[in-house]
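Asker: Pasting the sequence and the predicted model now:
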2 protein chains.
Amino acid sequence: MKQSVCSLLLYFFIAIPSFSQEIHWESVAPGVWRGTTGTPEAYDLWSAAEPSPKMASLEKLGEAEFPLSKGEIISRHLDGNTYLRFPLKRGEQLFGFGLNFKTIHQRGRILRLHVDHYGGEDNGRTHAPVPFYVSDQGYGIFINSARYLDVYAGSASRLNSKDPAEARDRNTDPNWTASPYSDGVEILVPADGVTFYVFAGPSALEAIQRFNLLNGGGPIPPRWGLGFTQRVHRLYDQEEVIREVDEFEKKGFPLDFVGLEPGWQSKSYPNTFAWDPVRFPDPELLAKTLKDKGVSINLWMNPYVSPQAEFYDTLKPYYGSHTVWAGAVPDLSMEKAEEIYWGNFKRDHVEIGVGGYKIDEVDGYDRWLWPDVATFPSGLAAEQMRQTYGLLVQKQSTELFREQNRRTWGLVRASNGGGVSFPYVLYNDYYNHRDFITALINSGYSGVLWTPEARASDTAEEWLRRFQTVVFSPMAMINAWASGTKPWTYPEVEEEVKAMALLRMQMIPYWYSSFAQYHFEGIPPFRGVNLEPGFKEMESSDILEGPTDLESNPYEEALRNEMKDQYMAGPSLLVAPFFAGERSRKVILPHGNWYDFYEGTFAGNGEIIEVQARMDRIPVFVKEGSIIPLMEPRLHAPEKGEVVDLEIRHYGKEPARYRYYDDDGYSFDFEKGAYTWRELKVEKDGQGKWKGFLSPPVEGKPNTIGEVRWKFMTSGD
Amino acid sequence: MKQSVCSLLLYFFIAIPSFSQEIHWESVAPGVWRGTTGTPEAYDLWSAAEPSPKMASLEKLGEAEFPLSKGEIISRHLDGNTYLRFPLKRGEQLFGFGLNFKTIHQRGRILRLHVDHYGGEDNGRTHAPVPFYVSDQGYGIFINSARYLDVYAGSASRLNSKDPAEARDRNTDPNWTASPYSDGVEILVPADGVTFYVFAGPSALEAIQRFNLLNGGGPIPPRWGLGFTQRVHRLYDQEEVIREVDEFEKKGFPLDFVGLEPGWQSKSYPNTFAWDPVRFPDPELLAKTLKDKGVSINLWMNPYVSPQAEFYDTLKPYYGSHTVWAGAVPDLSMEKAEEIYWGNFKRDHVEIGVGGYKIDEVDGYDRWLWPDVATFPSGLAAEQMRQTYGLLVQKQSTELFREQNRRTWGLVRASNGGGVSFPYVLYNDYYNHRDFITALINSGYSGVLWTPEARASDTAEEWLRRFQTVVFSPMAMINAWASGTKPWTYPEVEEEVKAMALLRMQMIPYWYSSFAQYHFEGIPPFRGVNLEPGFKEMESSDILEGPTDLESNPYEEALRNEMKDQYMAGPSLLVAPFFAGERSRKVILPHGNWYDFYEGTFAGNGEIIEVQARMDRIPVFVKEGSIIPLMEPRLHAPEKGEVVDLEIRHYGKEPARYRYYDDDGYSFDFEKGAYTWRELKVEKDGQGKWKGFLSPPVEGKPNTIGEVRWKFMTSGD
């Protein structure tokens, strides 16, 4: 009898290839439901990220109907894994699944979601393979698993589907397709169970908002984080850093933080995390000198510990089985390891004033990470550690700054679901300008931030074009670690580059409020234009026929024209960058009037326009009835609590409202209520003349608005 | 108590992340050992391929020492998987892991062995991801698993290694490397256990021979399979096929079999497997007409069943859960399914004289296969089915011909370990000429065959260069399914192409004996030059420094110069093809004298020579003391038992011996002993003049040798 019970148990765990599993549903917030199937693993993405859901904001978004038919969401235990299926309708399109670089439309794709360096193909291996997707039908799905997930996003056709793919004769039928219809998203989770979340819309943007808010809302950077940053050559010494900062000032280029690359450490790859005594004899003095010049320091690191690190031996019980560049890998999922590991960071960097980190190589490019056969003292699988290491380092390093009650703004090369609220921007080694913009668009579907950083360029034109886009991104950065490139390296475009850098500074108030929207409402500051309400009607013109040459396209795939080269920045701006070599480009303007950002002139409405290239401008269009708050061009972001004058622009023929976010720009006090939303309003007065209103400051709340000047861009002031 | 036993059981299956597992060792043949760890799965590569080990040949290779230290071969149960580790020495190099297209050296690589269309990167996803590797230290390892295997081929460094990677400072140490030393191959098998095999050398070639022989030895094609083949346009009808065959004859181009593409079927993608009544009203007549012209038919197919196939309903209980191009996927691991499925093939194709198949799309290119979430009535996992489907279709289709006692020679797009003996050559959609040659080299490390088929070309030169290499490969094929290209399509090179095609025909005796060596001795007919005994001393010159530009190579990897563009063909020939645009090339000649194939002149010895391009020649070099048997140029391979005259060439200054294989060239009677090895010998006579000897025919054995003419290439006849 004992035997038989055990055999039955074994049978269930080993022998049965597939059986149905019930899904247990719970409502976790208005418009958000959790499904649980089988026995989920103890460690998942949220174990690592520990997000604090923004319940008040979710309440504000309000209740909604469950967006799918629960009966069509299927779970099975399959070959030792958990299988999930979610239904798809005909014509439905999907977005998300993390930081893709080449594709926007995800329906029909096969992905193995796997934290990795991006290898040039959208196959799920990327810096942030977030297991979240959103449908243009207005809902989202998030799988909370720290495993590699196999995703068939409407690519697999089931024989017994209610709406099966139709067999056609390829020899003669012109409607034959290489991609027969699939009615579902199918996902394989290599675990005995999993929890997942369904987010209601009704719009795709609202589903994204709910996802972001459940994951803690986006980060609000310190104001200086929205300024300009230069990463200096990897072997610069203290004096060279100061000289370079001075040169920015002298030449009139803005600069808010400077990134030190591996050479700041006494040893790197693997790392001591200690200042090099020759190149950086007095880091405290350096930090203070730069602070006086309005510039903070960002330190490069990867987490792998040199045998010569001060704490190497103390940390020994907490290392994984395998090394990275011969450096030990701390098991940062363990509290004790976390405590030992970050102790020196706190003492040697944060407490002397360092502003943030660039955390490199937590993504793993081929052999430059621990292998999947590694073991860790916590008992976590190598795969779980890989999927969450980027989350762990973001969370734990952010804590160092929170303890000091000052915000940080850094760079990281891996993130995942759960990491929405971390003050880190993703970057990588890949360097295709077009694909960088596609990634910027995709970041908005997945709760991550991305910078299309400018490094070296082949021509002045390329440099300028790259620079223009980095200015319209979460981090305006030059990464000169290898090339030593400066903003003025190409004299032919030096003035254009400077003008763009100063525009970035002028726009800080706009960027800052956009990030506050990300934090409090879950609206991504950078995102796809298809999330605009006026976009839906455009889509029918959005399909191109594929080539019919069988040699190059043997399966005669129809190629879709995805909108990969224009994006929304903040609530009101549509950015349509030029790439080197282009003399003109098409821009898709959704329904509603759009205006030229620079001139205020009408640009189009629900149409595809052709724009001619100008060296001094990146095409930007403003939505009807928008308000854009700017400040004066300046070389450094406003300091903590500094009062600044504003130029407030209005675009279009309609009245407008805008909520201007304000706080001290520096501390975490906003989390305790030390912030305001000031209302800006533009209306016509009795004479039909535009007039602007700013709501009064709130007693006891931060107020950094000085003089206000209104500018009515479309119909003159 | 009952509870606690079950809990313990659960604990072992679920909770423990890693514990050591014993390896049970058995000797299975001289120089071959099987290791068993944990509980291997019932279904593995050999369950699908069912190879018959060639024990007599293995006995002949003889006993050998176990080539590694058993104590350094480690197995563990890890996170629900089986972990294996094999030791590596400093300086050791690895080859194999299946059909790679860009790399020869496999040490340092990370692979997920996964049957798939080749996607342009050697990451384990390929048409034949054979889990076998061979070391230049003279041993081989084969993992007999039908799962996707994660392989760290000396890429992962363990913290507690006896010989650990050394930490260096990247800031200042010029010897810093991005690829720290790793002392082992680590493999993750997603199963509770696995069997694996260790093959002794002492040379790498002998380890390969043992692997091939244990897997049944290579196939011997019918003689016609070594002739020339043309795949005609996909929508040709019966008359057009005959016209094209006639045109070959008229223009004097050889042709042995003609490939019909999807249009021969009444419906394709998915398929009826039935002749189209309009395009092919009388297939029996077609087969007979072509047979009279000395040409046989090869039929394209993929295995996916149209609802309009005659047997669709009968086969219904045996379909997988998902479709491919809306076609049902038969579970060919089930005997009953096999019987129903191939019944029509036998009746409608094989019995009317069809000579073979091209079995397409069993590899799976993204969504063009069943997903990993599919289920099958046999209970096999989708992953196991994918890893072995190519083996199943090869084995089962070969049986159709065996029943008729005639050999077949076909094309297949997926294979795997265990499939050595199948009469199929791999091909694909990818079309990089250089990479095709690299694949040809790699095929020899993995027990598979590969054709660098010629399709369309941009220029006459490219066409000629591609054609020259296909002539020195297992299948001399033009695939004109989409382009309609013919050998004479480029009139500028028509004569050169014809001369090459006729050379292919002349060499059939040489190719045929090379394949017999593959069958009886396990020596791959096409393989890397590094397997030559004279190669070892060459290797020190084989390393190039990588670029130091950090922008393009951020981890400063040293790039190794792998020998990817020259290969051995049969026992004696070194082929060093030209690629379009090249005016000269380097050729690495191993130690020992090498002679020009066309002229017999001395070319070099243990050195790198420079060869000037000629349009009419592909550089080929012959090893010292070699005999090459040729026949007259002709348009069709010898028929069953046909007697042919030979021109027997001798190269070099040394006496030579050669074993000439002979059988009827057509049936499987050779498996029952109906073959001979005739000895050819070249020695100097008393006057110092070269003289050739042919051993007499053996009573009761096939003899197809007619007149013999000796030709002493190096020193004149």
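Answerer: Perfect, I can see it now.
Asker: A:R243: how many residues sit nearby?
Answerer: Residues lying near A:R243 (other CB atoms under 10 Å in any protein chain shown) number 12. Quick note: C-beta positions are derived from backbone N, CA and C, even for glycine.
Asker: show me the contacts for it.
Answerer: Under the criterion of CB atoms under 8 Å, 6 or more residues apart in numbering or on different chains, A:R243 has no neighbours.
Asker: Phi first, then psi, for it.
Answerer: phi -60, psi -40 (degrees, to the nearest 10).
Asker: Also A:P474?
Answerer: Per degrees, to the nearest 10, the backbone of A:P474 is at phi -70, psi -20.
Asker: these two touch, right, A:F693 and A:K681?
Answerer: Yes: using CB atoms under 8 Å, A:F693 is in contact with A:K681, at 4.3 Å.
Asker: The two - which one has more neighbours?
Answerer: For A:F693 and A:K681, the more surrounded residue by other CB under 10 Å is A:K681, and the numbers stand at 15 against 12.
Asker: you'd agree the more buried one is up against A:Y660?
Answerer: No: assessed by CB under 8 Å, A:K681 is found out of contact with A:Y660, at 10.7 Å.
Asker: Report the set of residues contacting both of those two.
Answerer: Joint contacts of A:K681 and A:Y660 (CB under 8 Å, 6+ apart) are A:L694.
Asker: Just the pLDDT for the closest residue in space to A:D116 that isn't next to it in sequence.
Answerer: Spatial nearest neighbour of A:D116, excluding adjacent residues (CB to CB, 6 or more residues apart in numbering or on different chains): A:R125 at 3.8 Å. Listed pLDDT for A:R125 reads 96.
Asker: Quick check: A:R125 touching A:L99?
Answerer: No: contact criterion CB under 8 Å: A:R125 and A:L99 do not qualify, at 10.4 Å.
Asker: Which of the two has more residues huddled nearby?
Answerer: A:L99 (26 against 23).
Asker: isn't that one right next to A:W450, touching?
Answerer: Yes: A:L99 is within contact range of A:W450, at 6.4 Å (criterion: CB under 8 Å).
Asker: Show me the common contact partners of these two, please.
Answerer: With CB under 8 Å, 6+ apart as the test, A:L99 and A:W450 both reach A:L426, A:A439, A:N442, A:S443.
Asker: Apart from its chain neighbours, what residue comes closest to the last one?
Answerer: The one in question is A:S443. In space, A:S443 is closest to A:W450, 4.1 Å off (CB to CB, 6+ apart).
Asker: biggest strand in chain A by residues?
Answerer: strand A:584-596 (DSSP state E).
Asker: Can you list the strands that that one pairs with?
Answerer: Using DSSP bridges, the strands paired with strand A:584-596 are strand A:602-612 (antiparallel), strand A:620-623 (antiparallel).
Asker: C-alpha coordinates for it, PDB please?
Answerer: C-alpha atoms of strand A:584-596 as PDB (Å, rounded to 0.1, in the frame of the first residue of the first chain):
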ATOM      1  CA  SER A 584      13.800  62.700 -46.000                       C
ATOM      2  CA  ARG A 585      11.600  60.300 -44.100                       C
ATOM      3  CA  LYS A 586       7.900  59.400 -43.700                       C
ATOM      4  CA  VAL A 587       6.200  60.100 -40.400                       C
ATOM      5  CA  ILE A 588       2.900  58.600 -39.400                       C
ATOM      6  CA  LEU A 589       0.800  61.100 -37.600                       C
ATOM      7  CA  PRO A 590      -2.200  59.600 -35.700                       C
ATOM      8  CA  HIS A 591      -5.600  61.100 -35.900                       C
ATOM      9  CA  GLY A 592      -5.800  64.500 -34.200                       C
ATOM     10  CA  ASN A 593      -3.900  67.600 -35.200                       C
ATOM     11  CA  TRP A 594      -0.100  67.600 -34.800                       C
ATOM     12  CA  TYR A 595       2.200  70.700 -34.800                       C
ATOM     13  CA  ASP A 596       5.800  71.200 -35.400                       C
END
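Asker: what residues go with each domain of chain A?
Answerer: Using automatic domain parsing, the domain parsing of chain A gives A:2-214, A:223-509, A:526-543+A:550-623, A:626-712.
Asker: For B:H349, find the nearest of these.
Answerer: Judged by CB to CB, the one of those that comes nearest to B:H349 is domain A:2-214, at 17.6 Å.
Asker: low-confidence ranges in chain A?
Answerer: For chain A, the stretches with pLDDT under 70 are A:1-18, A:537-561, A:716-717.
Asker: Helices of that one, start to end?
Answerer: A:2-10, A:45-49, A:55-61, A:204-214, A:238-251, A:283-292, A:335-348, A:382-402, A:433-443, A:460-471, A:494-506, A:508-521 (DSSP state H).
Asker: okay if I get those as a markdown table plus distance to A:W710?
Answerer: Shown next, in a markdown table, are the helices of chain A (distance: least, CB to CB, whole Å):
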| stretch | distance to A:W710 |
| --- | --- |
| helix A:2-10 | 74 |
| helix A:45-49 | 42 |
| helix A:55-61 | 30 |
| helix A:204-214 | 29 |
| helix A:238-251 | 32 |
| helix A:283-292 | 35 |
| helix A:335-348 | 46 |
| helix A:382-402 | 37 |
| helix A:433-443 | 31 |
| helix A:460-471 | 24 |
| helix A:494-506 | 15 |
| helix A:508-521 | 14 |
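Asker: for those, which one ends up most surrounded?
Answerer: helix A:204-214 (a mean of 28; mean count of other CB atoms under 10 Å in any protein chain shown).
Asker: then that helix to CSV, C-alphas only?
Answerer: The C-alpha coordinates for helix A:204-214 follow below in CSV (Å, rounded to 0.1, in the frame of the first residue of the first chain):
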residue,chain,number,x,y,z
ALA,A,204,-3.4,48.8,-24.3
LEU,A,205,-1.9,51.8,-22.5
GLU,A,206,-4.1,51.3,-19.5
ALA,A,207,-3.1,47.6,-19.3
ILE,A,208,0.6,48.8,-19.4
GLN,A,209,-0.2,51.4,-16.7
ARG,A,210,-1.7,48.7,-14.5
PHE,A,211,1.3,46.5,-15.0
ASN,A,212,3.7,49.3,-14.2
LEU,A,213,1.8,50.3,-11.1
LEU,A,214,1.5,46.8,-9.8
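Asker: Report the distance from that helix to the chain centre.
Answerer: In terms of CA atoms, centre = their mean, to the nearest Å, the centre of helix A:204-214 is found 14 Å from the chain centre.
Asker: ok, the residue nearest to A:D116 to B:R112 distance?
Answerer: 11 Å (CB to CB, to the nearest Å).
Asker: now swap in A:M477 and tell me
Answerer: 34 Å.
Asker: on that earlier part again, next, the buried residues of the longest strand of chain A.
Answerer: A:R585, A:V587, A:I588, A:L589, A:P590, A:G592, A:N593, A:W594, A:Y595, A:D596 (16 or more other CB atoms under 10 Å in any protein chain shown).
Asker: for stretch A:621-633, same thing?
Answerer: Along stretch A:621-633, these residues count as buried under the neighbour rule (16+ other CB under 10 Å): A:F621, A:V622, A:K623, A:E624, A:G625, A:S626, A:I627, A:I628, A:P629, A:L630, A:M631.
Asker: With just CA atoms, put that stretch into PDB.
Answerer: Output of stretch A:621-633 as PDB, limited to C-alpha atoms (Å, rounded to 0.1, in the frame of the first residue of the first chain):
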ATOM      1  CA  PHE A 621       5.600  66.900 -33.400                       C
ATOM      2  CA  VAL A 622       3.300  68.100 -30.600                       C
ATOM      3  CA  LYS A 623      -0.300  66.900 -30.100                       C
ATOM      4  CA  GLU A 624      -3.200  69.300 -30.400                       C
ATOM      5  CA  GLY A 625      -3.800  71.200 -27.200                       C
ATOM      6  CA  SER A 626      -0.500  70.500 -25.500                       C
ATOM      7  CA  ILE A 627       1.500  72.400 -22.900                       C
ATOM      8  CA  ILE A 628       5.200  72.000 -22.800                       C
ATOM      9  CA  PRO A 629       7.100  73.600 -19.800                       C
ATOM     10  CA  LEU A 630      10.700  74.500 -20.500                       C
ATOM     11  CA  MET A 631      13.400  76.300 -18.600                       C
ATOM     12  CA  GLU A 632      16.300  78.500 -19.700                       C
ATOM     13  CA  PRO A 633      19.200  76.700 -21.400                       C
END
